[in-house]
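Peer 1: Fold the following, please.
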Amino acid sequence: MSTKEVAVDGAAKDASRFTMTARNDSATPLSDFTISASRSRGQAQVTALTCDLTAFGGEVVSAKGPAENLTVSGGAAKVPQGKDIACQVDLSGVVGRNTFKAALTTDGPDLLQRLHQGPPHQRGEGPAH
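Peer 2: As a prediction, this is how the structure comes out:
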């Protein structure tokens, strides 16, 4: 999984947005999965998690906060081998040190868990800005 910080014109100083991308590296289509974004450190909140799965036979799925964690279901989407899923994560109250975890999990034989832990703009662990 990778992440990329996204600038939001007119956003509050304590708000942040990042895009997380997960690739299906398995030999089979990915189905029956959930995607989540959660805070493991700090006071910031996840205000929205949105994933456009229409390219994979699903729909645009979203969850709204604010909350410590938000989760969406992949529904009917089936992600082929080598394809990416992109989701947008909005945060509020980003002051001081905060750590977020983004994860994709499935009940199938192939697990993609704990794909990223860290700030919106870099891989690994660290504070969100």
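Peer 1: what does the model give Glu5 for pLDDT?
Peer 2: In this prediction, Glu5 carries a pLDDT score of 59.
Peer 1: Equivalent analysis for the one 4 residues further on, please.
Peer 2: Listed pLDDT for Asp9 reads 57.
Peer 1: now swap in Arg23 and tell me
Peer 2: 92.
Peer 1: Relative to Ala77, how far out is it?
Peer 2: 14 Å (C-beta to C-beta, to the nearest Å). No exception for glycine: its C-beta is placed from N, CA and C like everyone else's.
Peer 1: ok, the two, which is more surrounded?
Peer 2: Neighbour totals were compared for Arg23 and Ala77, and Ala77 leads with 22 against 17 (other C-beta atoms under 10 Å).
Peer 1: Low-confidence stretches in the protein?
Peer 2: Along the chain, the parts satisfying pLDDT under 70 run over 1-12, 108-129.
Peer 1: and if we set it to 90?
Peer 2: Where the chain drops to pLDDT under 90, the residues are 1-19, 26, 40, 42, 94-102, 106-129.
Peer 1: residue ranges for the strands of it, please.
Peer 2: Using DSSP state E, the strands of the chain run over 2-5, 16-23, 33-41, 45-52, 60-67, 69-73, 84-92, 99-106, 116-118.
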